[in-house]
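Visitor: what would the 3D arrangement of this be:
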Amino acid sequence: MPDKTPVEAIQEALKAGSERGFKESVEVSINLKDIDLALPKNRVEEEVTLPKGRGKPIKVAVFGSQELVAKIKGVADLTVLADQMDEYFKDKRASRKRVASIDFFLAEAPLMPMIGKRLGPVLGPRGKMPRPIPPGSDPTSTIASLKKTVRVRNRGKRTFHVPLGTRDMSADDLAANLQSVLDRVVGKLERGRSNVASVYVKTSMGSAVRMW
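Guide: Model (predicted):
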């Protein structure tokens, strides 16, 4: 079976599933081979900024000072001051729910030890530990970039999935996002594409279409 180009695979995947009454996501499934995933260097854990965006709202929260919070008013989806952290996250069940509703976290660098100690057990296993930012900086551009970013994590498994966008995006835009993800993953692998057994693309409810 010959390889398909990203846009050919996306177009076929969109045709393979009928329209649904909700906004379906489009994702790529990557299957690895001939690689020792017990070695940390072979584990894939990347953040990829998709050139055409996610096709849906992505939420970013920031831990910071009054000065920082003032700069990002209306930009971040949630801001938490250092002296609010204990109160805001003291209820463990509510904490897990809040963390699940946020896609990415940022924090002023001096707060990272405190966050690691108090929130590490909640954020760490979910791959959501905050990205540190310098004190007094303006993270507006970083927040804008994160709203177009996906996490690529195989969690030590040979098969993993990465969202590319939503069904209402154009095939060309989804293909551009797919290419960005594949470029990053292949570039991370020890033997590049030789470590990829197969690549499939599908909508949430549609059939998988093989690209490689």
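
Visitor: from here on, contacts and neighbour counts on C-alpha atoms
Guide: Will do.

Visitor: would you map out the domains in the chain?
Guide: Following automatic domain parsing, one gets these domains for the chain: 6-55+150-210, 60-146.

Visitor: quick one, phi/psi of the nearest residue to S25 once chain neighbours are set aside?
Guide: The shortest distance from S25 to any non-neighbouring residue, by C-alpha to C-alpha, 6 or more residues apart in numbering, is to T166 (4.2 Å). Main-chain torsions, T166, degrees, to the nearest 10: phi -130, psi 160.

Visitor: likewise the one 10 residues further on?
Guide: The phi and psi torsions at A176 (degrees, to the nearest 10) take the values phi -60, psi -40.

Visitor: residues touching it, list them.
Guide: Neighbour list for A176: 6, 50-52 [criterion: C-alpha atoms under 8 Å, 6 or more residues apart in numbering].

Visitor: redo those as CSV? Include neighbour count, distance to D138 and secondary structure.
Guide: Below are the contacts of A176 laid out as CSV (neighbours: other C-alpha atoms under 10 Å; distance: C-alpha to C-alpha, whole Å; DSSP: H, G, I helix; E, B strand; the rest coil):
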residue, neighbour count, distance to D138, secondary structure
P6, 20, 36, helix
L50, 24, 22, coil
P51, 16, 22, coil
K52, 18, 24, coil
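
Visitor: which one among those residues gets closest to L174?
Guide: Comparing the contacts of A176 against L174 with C-alpha to C-alpha places K52 closest, at 7.3 Å.

Visitor: distance check, that closest one against P139.
Guide: Going from K52 to P139 by C-alpha to C-alpha, to the nearest Å gives 21 Å.

Visitor: K52 is in contact with the residue nearest to S25, correct?
Guide: No - the criterion here is C-alpha atoms under 8 Å, and T166 misses it with K52 at 10.9 Å.

Visitor: please name the bridge partners of A107.
Guide: F63, P132 (DSSP bridges).

Visitor: so how many other residues sit close to it?
Guide: As a burial measure, A107 scores 26 neighbours (other C-alpha atoms under 10 Å).

Visitor: residues touching it, list them.
Guide: 62-64, 130-133.

Visitor: one more: G120?
Guide: M129.

Visitor: and for M129?
Guide: Counted by C-alpha under 8 Å, 6+ apart, M129 has contacts 105, 116, 120, 123.

Visitor: one more time with 7 Å
Guide: 105, 120, 123 (C-alpha atoms under 7 Å, 6 or more residues apart in numbering).

Visitor: next, give phi and psi for it.
Guide: phi -60, psi 140.

Visitor: per-residue confidence for it?
Guide: M129 carries a pLDDT value of 90.

Visitor: return the helix or strand in the chain with minimum mean pLDDT.
Guide: helix 85-88 (a mean of 75; mean pLDDT, DSSP states H and E).

Visitor: show me which residues of the very next helix or strand once past that one are buried.
Guide: Where DSSP states H and E defines the elements, the next helix or strand beyond helix 85-88 is helix 92-101. Neighbour counts over helix 92-101 (16 or more other C-alpha atoms under 10 Å) mark 95, 99 as buried.

Visitor: please state the offset of helix 92-101 from the chain centre?
Guide: Distance of helix 92-101 from its chain centroid, counting by C-alpha atoms, centre = their mean, to the nearest Å, is 18 Å.
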